[in-house]
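Chemist: Test case, fold it:
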Amino acid sequence: MNTNLLQLARQFGNPVIEGNRVTFVWKGKSAPRFISDIHQWEENPQRMKRLSPDLWAFSLELDPSAYVEYGFYDPRTKKRVKDPLNKQTVFNGIEHYNHYFYMPQASPTPYAIKHKGVPSGKVTRHLVDTGMIQDNGKRELHLYQPPVKAPVPLLLVYDGTDYLKRASLNIIVDNLIHEKRIQPLAMAFLQNGDDRRGVEYACSDATLMTLEHSVLPFAAKRLNLIDVKKKRGAYGVLGASFGGLMSIYTGLRMPEIFGTVIAQSSVFEAEGRDFVTVDLIRAKMSREIKIWMDIGHFDWLLEDNRRIQPLLQNNGYNVTYHEAPAGHNYTFWRDELPNALITMFGK
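Modeler: As a prediction, this is how the structure comes out:
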């Protein structure tokens, strides 16, 4: 049985999947610890079970539609160890590459793949003034003009470069427009301020002022946009994690511009204190906006999102909420985006 397990791992890669049971295999005289987004990574490393003198395993049950990122960790050196039985890796956005896999009933969204015959929107790179949030500073901004001539709404994207490069959002939108699943829309991918990100996204009015007086006028000169003064709330805003918090805050504070919010794996409290976004929801501010929320079952923010969703609903907001067996990462957010965009911008 142990030999068969190793042979299966060598043939098909880690983990060995048998129904809902997955087994991660390690060959060696000693074994590292198993870490994953299910176990909050290095915060909760899991011991592997010795099956024979040089064979180790760690098993768990998973939903058949799960997506999981994981790694191996040496507690002595406090460093990651590569899995020689799984060559599939994805950058975690900080400093490591995680191994990953999909369960049999899950797969990457096909909308993130560029297809022949699908017209591509034009993506251009710019530097925009962000003096309100960064003294005498400019920030990277990518603009996306869809392949249509008529004026279109704008989707503002927080952590824009990440959504562009790691979530292939422009390709997803190309494909959805081509299939007539969504109305054509333009996008403004605004990058965060790196070490300033927390300050900028923790319900910052300085960020909103930067949008209103710098980013939006800049985008309006270069994109063919619907006039929000004539069509109230025509624009949308998208973000994940702290960007999700900031997206909801943006909609609540600027509903005359941003009437549609897509918030992925959002933060709502820190150190036991709610962010002001929660207070605005309790005060029933700007209930005309539409909100999409999604969250993974392995995300440490799951219970907080489960707390806020009924608060929104009970206070009269139009909210669509979705959970899936995944963690806190761009692959999950990417795979959720087609449904989110179709729900919020569907024709």
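Chemist: okay, now H322: neighbour count?
Modeler: H322 has 14 neighbours, counted by other C-beta atoms under 10 Å. Quick note: C-beta positions are derived from backbone N, CA and C, even for glycine.
Chemist: er, I94 I mean
Modeler: With other C-beta under 10 Å as criterion, I94 counts 5.
Chemist: ditto for the one 3 residues further on
Modeler: Y97 sits with 14 neighbouring residues when counted by other C-beta under 10 Å.
Chemist: Tell me how far it lies from G71.
Modeler: 8 Å (C-beta to C-beta, to the nearest Å).
Chemist: which residues in this structure form helices?
Modeler: In the chain, the segments counted as helices under DSSP state H are 2-12, 160-165, 169-178, 197-201, 205-210, 216-222, 242-253, 276-282, 302-314, 330-345.
Chemist: between those, which gets nearest to Q191?
Modeler: helix 160-165 (4.5 Å; C-beta to C-beta).
Chemist: Now the closest one: average pLDDT?
Modeler: The average pLDDT for helix 160-165 rounds to 97.
Chemist: C-alpha coordinates for that helix, PDB please?
Modeler: Provided in PDB are the C-alpha atoms of helix 160-165 (Å, rounded to 0.1, in the frame of the first residue of the first chain):
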ATOM      1  CA  GLY A 160      -4.700  47.100 -10.000                       C
ATOM      2  CA  THR A 161      -1.400  45.700 -11.200                       C
ATOM      3  CA  ASP A 162      -2.000  42.500  -9.200                       C
ATOM      4  CA  TYR A 163      -5.400  42.000 -10.800                       C
ATOM      5  CA  LEU A 164      -4.000  42.700 -14.200                       C
ATOM      6  CA  LYS A 165      -1.000  40.400 -14.000                       C
END
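Chemist: what's next to it, contact-wise?
Modeler: 93, 123, 140-142, 157, 169-170, 188-191, 238, 240, 330, 333 (C-beta atoms under 8 Å, 6 or more residues apart in numbering).
Chemist: could you redo the last one with a cut-off of 10 Å?
Modeler: The contact list for helix 160-165 (C-beta atoms under 10 Å, 6 or more residues apart in numbering) reads 91, 93, 123, 125, 139-144, 155, 157, 169-172, 187-192, 238-240, 243, 264, 330, 333-334, 337.
Chemist: For the protein, give me the ranges with low pLDDT.
Modeler: Counting by pLDDT under 70, the chain shows low-confidence ranges at 1-3.
Chemist: Leaving out the residues flanking it, which one is nearest to the residue of it positioned farthest from its centre?
Modeler: Computed with C-alpha atoms, centre = their mean, the residue of the chain farthest from its C-alpha average is P53, at 41.5 Å. What sits nearest to P53 in space, not counting adjacent residues and going by C-beta to C-beta, 6 or more residues apart in numbering, is K29, at 7.4 Å.
Chemist: likewise K49?
Modeler: Closest to K49 by C-beta to C-beta, 6+ apart is A57, at 5.5 Å.
Chemist: partners of the one you found in the sheet?
Modeler: Going by DSSP bridges, A57 is paired in beta bridges with V25, K49.
Chemist: need the contact list for it.
Modeler: A57 neighbours (C-beta under 10 Å, 6+ apart): 2, 5-6, 9, 15-16, 23-26, 31, 34, 48-51.
Chemist: hang on, F34 packs against V68?
Modeler: No - if you go by C-beta atoms under 10 Å, F34 and V68 don't touch, sitting 11.2 Å apart.
Chemist: between those two, what contacts are shared?
Modeler: By C-beta under 10 Å, 6+ apart, the residues touching both F34 and V68 are P15, L60.
Chemist: Let me see the contact set for the residue nearest to P53.
Modeler: P53, D54, W56.
Chemist: Could you report the separation of the last one from Q88?
Modeler: In other words, W56. To Q88, W56 is 20 Å away according to C-beta to C-beta.
Chemist: cool, the first one as well?
Modeler: Going from P53 to Q88 by C-beta to C-beta gives 29 Å.
Chemist: picking up where we left off before, quick one, which of W56 and Q88 is more surrounded?
Modeler: Per other C-beta under 10 Å, whichever of W56 and Q88 has more neighbours is W56, with 20 against 14.
Chemist: Check the gap between that one and R197 for me.
Modeler: W56 sits 39 Å away from R197, going by C-beta to C-beta.
Chemist: do the same with E323
Modeler: Where R197 is concerned, E323 sits at a distance of 25 Å (C-beta to C-beta).
Chemist: swap in L60?
Modeler: Distance from L60 to R197, by C-beta to C-beta: 33 Å.
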